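Colleague: Whatever this is, show me its structure:
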Amino acid sequence: MKDSDSKNAPISTDRRRVLLGLGAAGAAVAGASLTGNAFAATAPAQVTEAPKSEKTQDHNAFHGPHQSGIVTPRPTAGMMVSFDVLAQDREDLERMFRTLNERIAFLMTGGPVPQVDPKLPPLDSGILGPVVTPDNLTITVSVGDSLFDDRFGLEPVKPKRLQRMVGFPNDALEADCCHGDLSIQFCSNAQDSNIHALRDIVKNLPDLLLVRWKQEGTVPAQAPLKPGQPPESARNFLGFRDGSANPDSNNQKTMNELVWVQPGSDEPGNGEPAWAANGSYQAVRIIRNFVERWDRTPLQEQQAIFGRVKTTGAPMDGRTEADVPDYAKDPEGKVTKLDAHIRLANPRTAQTQRNLILRRPFNYSNGVNKNGQLDMGLLFICYQADLEKGFITVQTRLNGEPLEEYLKPVGGGYFFTLPGVVDSNDFIGRSLLAASAQTTKTA
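Modeller: Predicted coordinates:
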């Protein structure tokens, strides 16, 4: 009998008798189920059998006033890629944005890949199969300070606060993983979906985009919450929850105040160009963690450095992660040290509320350094309506904090996340190009 025949052969009478004799417990272990007189058994998975997921058809809307991937709930896998733009003129630049728009719209929606003559290169890498699944993918496009040089005439409409990232005192920035003309953030349920999307964009824009640097990251999944249990942030590679006290991304009023550049922001005294409305400033930092040193640090010192209880994520004067520390009752820092990370990052005063940022980080692991130390840390990503009031102010307050002994920022950049694509007649970057064209006509 052939193997294929044996797999489909009916269960023998003797074997049926043995299985039934195992009882309910044995049947559960065997993965079998009984329905009347019929018996169906699920064969154990093979070593190379693909993992199963019910989430591969999850998808996010492509059209809207804002790009997805900012207030969208963070999935398991993230990837930040920075590009140098190779376009030679404005016509090339528009072709780049239109092609990006076309590819992103397809990748976020999914569908079958057209087949071509086998003598030609296939239209798709094939790593997701002949039908591309959306897999909760978001692709978020942002532009860097260097795109507004003299190549394309964009300088007159540059976002007011967009600038090249400069090093802070504890930084050790590496030139080959900093800055860029364009950044694309890929997020999905699986890293392969992000890689598939990146390869698709690289394949379709070989003469217009060149990868400058790339950093992948993940977020550890957690068990489902118990009834009544409040949501919890995921843990970073230092073992602490990362995302505590993040602004409420479901509160539109809060997001309008802190994350989105608002219509009318081009009024005197503000200075943002009108086209930038509904966009946001993106700050990216690749932050290496010295995990070996951290793992040898006493727990009480770790908690004092962060200002939170490691197991629960609660502030030192609280019980749950969501509790708000009361610094007014602790002016001398006897409970939460004055230089604790959470106290410096967010002093919780009326004045510092304007400095809040929306964090969207991922953990990364890049292997082992030449000295045998683990190369891992945090792919820090945040969004804000004002880069100077947001990330730059917060990071400046953190300069010299005790946590610096255990981390070293090595890369990243500042970018402006473009407004969303409102409908099928629009395309990513259209408002920027239109604004700069209008400026050229009136010059």
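Colleague: Tell me which residues are up against the lengthiest helix in the chain.
Modeller: When the chain is parsed with DSSP state H, its longest helix is helix 90-109. With C-beta atoms under 8 Å, 6 or more residues apart in numbering as the test, helix 90-109 has contacts from 59-60, 62, 68, 85, 87, 132, 134, 137-139, 141, 152-153, 196-197, 200-201, 204-205, 208-209, 421, 427-430, 433, 436-437. All C-beta spots, glycine's among them, are computed from the backbone N, C-alpha and C.
Colleague: quick check: mean pLDDT across it?
Modeller: Across helix 90-109, the average pLDDT comes to 98.
Colleague: Going C-terminal from that helix, what's the next secondary structure element?
Modeller: strand 111-112 (DSSP states H and E).
Colleague: Give me the helices and strands touching that next one, please.
Modeller: On a contact count with 3 or more C-beta pairs under 8 Å, 6 or more residues apart in numbering; DSSP states H and E, strand 111-112 meets strand 131-132.
Colleague: Where do the strands of the stretch 301-443 of the chain begin and end?
Modeller: Taking DSSP state E, counting those that start in this stretch as the criterion, the stretch 301-443 of the chain carries its strands at 358-359, 362-368, 374-384, 407-417.
Colleague: Output the ones you listed in CSV; the columns should cover distance to Ile305 and mean pLDDT.
Modeller: Formatted as CSV, those follow (distance: least, C-beta to C-beta, whole Å; pLDDT from 0 to 100):
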stretch, distance to Ile305, mean pLDDT
strand 358-359, 18, 98
strand 362-368, 18, 98
strand 374-384, 15, 98
strand 407-417, 11, 98
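Colleague: Dump those to CSV, plus mean neighbour count and distance to Ile287.
Modeller: CSV is the format used below for the strands of the stretch 301-443 of the chain (neighbours: other C-beta atoms under 10 Å; distance: least, C-beta to C-beta, whole Å):
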stretch, mean neighbour count, distance to Ile287
strand 358-359, 21, 12
strand 362-368, 16, 9
strand 374-384, 23, 5
strand 407-417, 24, 5
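Colleague: mind checking which of those is nearest Val291?
Modeller: strand 374-384 (5.6 Å; C-beta to C-beta).
Colleague: quick check: angle from the closest one to strand 362-368?
Modeller: 150 degrees (axes from the mean of the first three to the mean of the last three C-alpha atoms, to 10 degrees).
Colleague: Work out the gap between strand 374-384 and the centre of the chain.
Modeller: Here strand 374-384 is found 9 Å from its chain centre; the criterion is C-alpha atoms, centre = their mean, to the nearest Å.
Colleague: ok so, going back, adding distance to Phe290 as columns, could you present the strands of the stretch 301-443 of the chain in JSON lines?
Modeller: As requested, the strands of the stretch 301-443 of the chain are arranged in JSON lines below (distance: least, C-beta to C-beta, whole Å):
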{"stretch": "strand 358-359", "distance to Phe290": "21"}
{"stretch": "strand 362-368", "distance to Phe290": "13"}
{"stretch": "strand 374-384", "distance to Phe290": "9"}
{"stretch": "strand 407-417", "distance to Phe290": "7"}
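Colleague: what's the closest of the ones you listed to Asn289?
Modeller: Closest of the strands of the stretch 301-443 of the chain to Asn289 is strand 374-384, at 4.1 Å (criterion: C-beta to C-beta).
Colleague: by contact count, what packs against the closest one?
Modeller: Checking 3+ C-beta pairs under 8 Å, 6+ apart, strand 374-384 ends up next to strand 77-85, strand 209-218, strand 280-289, helix 291-295, strand 358-359, strand 362-368, strand 407-417.
Colleague: so who does the nearest residue to Gln163 once chain neighbours are set aside touch?
Modeller: Once flanking residues are discounted, Gln163 sits nearest to Asp145: 5.6 Å by C-beta to C-beta, 6 or more residues apart in numbering. Neighbour list for Asp145: Lys158, Leu162, Gln163, Arg164, His179, Tyr414 [criterion: C-beta under 8 Å, 6+ apart].
Colleague: Can you flag the buried ones in those?
Modeller: Buried members of those, scored by 16 or more other C-beta atoms under 10 Å, are Lys158, Leu162, His179, Tyr414.
Colleague: Looking at those residues, which two lie furthest apart in space?
Modeller: Farthest apart among these by C-beta to C-beta are Lys158 and His179. That separation is 15.2 Å.
Colleague: Where does Arg161 fall, secondary structure wise?
Modeller: Under DSSP H and E, no helix or strand contains Arg161.
Colleague: Number of residues surrounding the closest residue to it other than its chain neighbours?
Modeller: Nearest residue to Arg161, sequence neighbours excluded (C-beta to C-beta, 6+ apart): Leu387, at 4.5 Å. Using other C-beta atoms under 10 Å, Leu387 is surrounded by 25 other residues.
Colleague: want to try CSV for the helices and strands packed on strand 374-384, with distance to Lys52 as columns?
Modeller: Shown next, in CSV, are the helices and strands packed on strand 374-384 (distance: least, C-beta to C-beta, whole Å):
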stretch, distance to Lys52
strand 77-85, 17
strand 209-218, 19
strand 280-289, 33
helix 291-295, 32
strand 358-359, 32
strand 362-368, 24
strand 407-417, 34
